[in-house]
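In: Coordinates for the following, if possible.
(2 chains)
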There are 2 protein chains.
Amino acid sequence: MTGPIERLRQRTAELSDLGRISGLLDWDQQTMMPPQGGPGRAEGRATIERLRHELFISGDTGELIDAAEASLDGADPDSDDARLVRVTARRREKAVRVPTELTAEMARAASIGQEAWIKARADSDFASFVPYLERNFELARRYVDCFEDYEHPYDVLLDDFEPGLKTSEVVRLFGELKAELVPMIATLTENADRLDESAIPGTFPVDRQRQLVSEIVRRMGFDPSGWRMDDAVHPFAASFGNRDVRITTRWDETNLVSALYAAMHECGHGLYEAGIADSLQRTPIGQIDSLSMHESQSRMWENMVGRGRPFCGVLAPRIADLFSDVVPNLEPDAFYRAVNRVSPSFIRVEADEATYGLHVILRFELEQELIEGKLPIRDLPEVWNARFKEYLGLEVTDDALGVLQDVHWSFCAIGYFPTYSLGNLVAGQLWDRVCRDIPDLDDKLAAGELGDLREWLREHIHRHGSKFSTTELLHRVVGGPIAVGPFVSYLKRKLSDVYGVELERPGAG
Amino acid sequence: MTGPIERLRQRTAELSDLGRISGLLDWDQQTMMPPQGGPGRAEGRATIERLRHELFISGDTGELIDAAEASLDGADPDSDDARLVRVTARRREKAVRVPTELTAEMARAASIGQEAWIKARADSDFASFVPYLERNFELARRYVDCFEDYEHPYDVLLDDFEPGLKTSEVVRLFGELKAELVPMIATLTENADRLDESAIPGTFPVDRQRQLVSEIVRRMGFDPSGWRMDDAVHPFAASFGNRDVRITTRWDETNLVSALYAAMHECGHGLYEAGIADSLQRTPIGQIDSLSMHESQSRMWENMVGRGRPFCGVLAPRIADLFSDVVPNLEPDAFYRAVNRVSPSFIRVEADEATYGLHVILRFELEQELIEGKLPIRDLPEVWNARFKEYLGLEVTDDALGVLQDVHWSFCAIGYFPTYSLGNLVAGQLWDRVCRDIPDLDDKLAAGELGDLREWLREHIHRHGSKFSTTELLHRVVGGPIAVGPFVSYLKRKLSDVYGVELERPGAG
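Out: Numbers count the residues shown, from 1 in each chain, chains lettered A, B, ... in the order given. Purely as a prediction, here's the structure:
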């Protein structure tokens, strides 16, 4: 006899399988599929999403949840079972409001949009992308219309990437963040001449970059028996369980660190997926639904570790050795300064840690205006470019370096961008905590030993999957909700050091 | 308003999507998935097969078929619509007899078995593979038990790979074939000294082999915008529609032609998939269910073209050029003789065209005995080796070269092997026809022009998908059912030429 919890687990295991399969269809499309496969793949993705949605919203699944809930009577509300029931019920409440056909249509549009974006970006041809973008925002608005009782239509979208978070709260956090970043960037720009290092010039053959990246991600925890790494137009991470984790990067011969930091970033995501407890596999709480928390992991590995002074002492000599014909004398201090230079630039994923937030805030504002219908898609490049000039001081003359640079809108991921900056904030909070929990962390990182950090993250964050909301998990680990202070403190400390100027520390607020 | 046919088409399109997705899960497992992903993948494959089966056998699908059938009234029985209904109804009649859980269990066992096979084969460790093989044959017997009214339990399995064909018919055809092959091989073995060429010795770096293979498959019709090629332990072809065709091969530095002919073989399969009419995509008749016909395509490209004298005149100089440090003076005639030498060997997929049939007949016999329970799995290596000695005169001392060499049983494909030799027979019949339809075919092949042959095959075979059964299609193209004569004639003609001996032509029978 199987009990109500076990029966619900069987159903959610199937749903989890379908989610993973949907993820594989996407991974394959982005890494392997020949271009002409696009239309067929779009149908396949629509079909799998339709079936997944139908199964999830079926009355049968509802009854399984109800029965499981009733059987919980008295169980620890933090137990896996209780959390499983709660998370499933919450997600289903949202899903039942959405017609199956809309779900399928969004999956189809996502798949088609991605192919259109690849072409439009390659050709810097925004006009060719307009119909797809219009379609995707129209679908997003239809999706929003399935719900009521929201403060802002954007809340509905945001909730899919960061459950429970409200637009108004993001507006508040980003306001606070922007107020810190703008003067910080101004001060650093004034002091630009104190930093003679800029990007490390030279040609860095891709095969040796591959060697470097492979060594570094293995130090982080990449294990070929359960991971793989491929090339993609837009780097991303995917996982089909904690034993099948896939990361991607892209290569640029003229940029020594672009692929390296992209890979460390994606490997940070991968470690989160790989660290989810075995007991949560094939359950809804084995799938992370807080992208802010996810991004905190990738950004921490990329920036706190990868661009931190201790680990630069590992990277620089290895790079000098591998590229002894290009940068034989690369010094850790010089490397550290070069990779932390603050300088407005066009591409978000290659932005420094200070200007990065402004890239995200720009997108967050535009998304709200687009979803409210205040901004027509056709006007997007013009508005993007004007605001980019205002926030970052640069003139965008090529849409591939502007509005076409990111893949997200092409696959209907609207409301996703804020989680990138929220991830930075969360990373700041966690880094603050981990530095206190592991007092000799700097020494470990300087020795290239990344295991202690990885295990701390696994213990405190990764293994829980989605058992706890971001707010709950942050309360457990750092004692409060998402906050701006720790990230800004971290950044000012680091950049004061890099530039040799004293950046004002944030106040008590 | 959508009519009954259109409604059935929508349902079968979804089923077709699920079939393609299932195929992608398999392709990914065989080419990309990290090894630890195995158990998770097995669950995913079971889930997708369960859902596909449930949807197919649902009363709802039955009603759609009935309504479509009723609406056909008076339609041309050879029209796409009429064939679509008939093929769907036939497949569903078979599917409804099989419990969903058995379908899911077979998918799970297939996925797990494949991983176990890779390891067992690498270690030449049959004992470790025994539990998986026992499980798979047990599942096959349970599958057979779902049916009644068969002459032989093996009929049920065979029908999945060659619809409608009976074991007794294969016994008759293979008896006839064996009666031709055994004396032919004996004569050629006696005359072995007339052929001083043997395998082309040397070390052939894989990167240049990749170059060669890439050039040749492109000549055949491989188009990177709709195809891809990867490495796999056991070469195979897969497709997810006619615009996403994937072939695989494996590389051996010590063997100049192994990867080349494997790739031509798989590309032959791929051309079949790529040639199916657009109008049949995402329908049940857009998916080939005759593996004999499929194999006729791969074997024709591999052997009639690739090992034929005309195209050897294209291959040899290109090889001499690419490997000018190894075989600078490779002559077409010498190459032709070397790649057509008849000599018993261990590995089926590398066997010459004459001994190949005996490899298949061995497996066909063993499968029948295994499925009838007459032969325990544990005794399989012993019986395999004894019969291999009897048929091919060689002593198997390593199970990796014997019973562990093929992937098929590991993924529950029991009843598949006969279609390989049947494919040779069909290829012989079609080759006979195409040589008459394209009188200057030899000249074209000698010039490296493969387009006429490809287009003939597309027109007469590929575009139809599964609209016609093998028997029906053969009647349309060659005027009769599967027969042994043309293949044996072709083989005797070729080998008489290669060896300079007169092999007796088959009689009028």
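
In: Spell out which parts of chain A neighbour chain B.
Out: Chain A comes close to chain B at residues A:13-14, A:17-18, A:20-21, A:24-25, A:28, A:32-37, A:39-41, A:43-44, A:47-48, A:50-51, A:55, A:224-228, A:240-241, A:243-245, A:281-282, as judged by CB under 8 Å from any CB of the partner chain. To be clear about C-beta, it is placed using only N, CA and C from the backbone, and glycine gets the same treatment.

In: Now do the lengthiest helix in chain A against helix B:4-31, angle only.
Out: Of all the segments of type helix in chain A, defined by DSSP state H, the longest one is helix A:4-31. Inter-element angle recorded for helix A:4-31 and helix B:4-31: 80 degrees (by axes from the mean of the first three to the mean of the last three CA atoms, to 10 degrees).

In: Can you give the distance from helix A:4-31 to the centre of its chain?
Out: 20 Å (CA atoms, centre = their mean, to the nearest Å).

In: So among the residues of chain A next to chain B, which ones count as buried?
Out: Neighbour-count burial (16 or more other CB atoms under 10 Å in any protein chain shown) is assigned, among the residues of chain A next to chain B, to A:13-14, A:17-18, A:20-21, A:24-25, A:28, A:32-34, A:36-37, A:39-41, A:43-44, A:47-48, A:50-51, A:226-228, A:240-241, A:243-245, A:281-282.

In: so what's the backbone phi/psi at the closest residue to residue A:294 other than its chain neighbours?
Out: Once its chain neighbours are removed from consideration, residue A:294 has its nearest residue in residue A:288; the separation is 5.4 Å (CB to CB, 6 or more residues apart in numbering or on different chains). The main-chain torsion angles of residue A:288 are listed as degrees, to the nearest 10 and equal phi -70, psi 130.

In: Ok, residue A:289 next?
Out: Residue A:289 has phi and psi values of phi -110, psi 0 when expressed as degrees, to the nearest 10.

In: The spatially closest residue to residue A:120 that is not a sequence neighbour: neighbouring residues, count only.
Out: Nearest in space to residue A:120, with sequence neighbours left out and distances taken as CB to CB, 6+ apart, is residue A:129 at 3.8 Å. Here the number of neighbours of residue A:129 (other CB atoms under 10 Å in any protein chain shown) works out to 23.

In: isn't residue A:129 right up against residue A:114?
Out: No. Residue A:129 is not in contact with residue A:114 according to CB atoms under 8 Å; the separation is 11.1 Å.

In: Need the overlap of contacts for the two.
Out: When contacts are counted by CB atoms under 8 Å, 6 or more residues apart in numbering or on different chains, residue A:129 and residue A:114 are jointly contacted by residue A:410.

In: related to what we said a few turns ago, quick one: which of the residues of chain A next to chain B sit in strands?
Out: A:227, A:228, A:245 (DSSP state E).

In: what's the second one in contact with, if anything?
Out: Which is residue A:228. Taking CB under 8 Å, 6+ apart, we find residue A:228 in contact with A:245, A:246, A:247, B:32, B:33, B:34.

In: Could I get the full set of strands for the stretch 101-250 of chain A?
Out: With DSSP state E, counting those that start in this stretch applied, the stretch 101-250 of chain A shows strands at A:227-231, A:237-239, A:245-249, listed in chain order.

In: To residue A:169, which of those lies closest?
Out: Closest approach to residue A:169 among those is made by strand A:237-239 (26.4 Å; CB to CB).

In: how distant is the closest one from the center of its chain?
Out: On the basis of CA atoms, centre = their mean, strand A:237-239 is displaced by 11 Å from the centre of the chain it belongs to.

In: before we move on, what about stretch A:113-133?
Out: Using CA atoms, centre = their mean, the distance between the centre of stretch A:113-133 and that of its chain works out at 22 Å.

In: outside of that stretch, which residues touch it?
Out: The set of residues that contact stretch A:113-133 without belonging to it, under CB under 8 Å, 6+ apart, is A:29-30, A:35, A:38, A:109, A:112, A:135-136, A:233, A:377-378, A:380-381, A:398-400, A:403-405, A:407, A:409-412.

In: Report the buried residues of that stretch.
Out: Applying a neighbour-count criterion of 16+ other CB under 10 Å, one finds A:113-118, A:120-121, A:126, A:129-130, A:132-133 buried in stretch A:113-133.

In: Stretch A:371-380 too?
Out: For stretch A:371-380, the buried set under the neighbour-count rule, 16+ other CB under 10 Å, comprises A:371, A:375, A:377, A:380.

In: Please enumerate residues in contact with that stretch?
Out: Residues outside stretch A:371-380 that contact it (CB under 8 Å, 6+ apart): A:126, A:130, A:133-134, A:137, A:140-141, A:144, A:153-154, A:157, A:366, A:369-370, A:383, A:403, A:414.

In: Quote the end-to-end distance of it.
Out: For stretch A:371-380, the first and last residues are 12 Å from each other (CA to CA, to the nearest Å).

In: Quick one: distance of that stretch to the chain centre.
Out: Counting by CA atoms, centre = their mean, stretch A:371-380 is centred 25 Å from the centre of its parent chain.

In: swap in stretch A:55-73?
Out: Between the centre of stretch A:55-73 and the centre of its chain there are 32 Å (CA atoms, centre = their mean).

In: same check, this time on stretch A:338-355
Out: 17 Å.

In: thought residue A:3 was touching residue A:71?
Out: Yes. Taking contact to mean CB under 8 Å, the distance of 6.4 Å between residue A:3 and residue A:71 places them in contact.

In: quick one: which of these two has more around it?
Out: Here residue A:3 and residue A:71 are set side by side on neighbour count (other CB under 10 Å), and the busier one is residue A:71, at 16 against 11.

In: Tell me which residue lies nearest the centroid of chain A.
Out: Closest residue to the average C-alpha location of chain A: residue A:295 at 4.1 Å, with CA atoms, centre = their mean.

In: Distance check, it against chain B.
Out: The gap separating residue A:295 from chain B is 24 Å, by CB to the nearest CB, to the nearest Å.

In: Now name the helix or strand holding that residue.
Out: When secondary structure is defined using DSSP states H and E, the element that contains residue A:295 is helix A:291-299.

In: Pull the distance from the following helix or strand past that helix to the chain's centre.
Out: For helix A:291-299, the following helix or strand on the C-terminal side (DSSP H and E) is helix A:309-322. Centroid displacement of helix A:309-322 relative to its chain, using CA atoms, centre = their mean, is 26 Å.

In: Show me what helix A:309-322 is packed against.
Out: The contact analysis (3 or more CB pairs under 8 Å, 6 or more residues apart in numbering or on different chains; DSSP states H and E) places helix A:309-322 against helix A:206-220, helix A:332-339, helix A:441-446.

In: Report the buried residues of that helix.
Out: Residues of helix A:309-322 classed as buried: A:309, A:310, A:311, A:312, A:313, A:314, A:315, A:316, A:319, A:320, A:322 (neighbour count, 16+ other CB under 10 Å).
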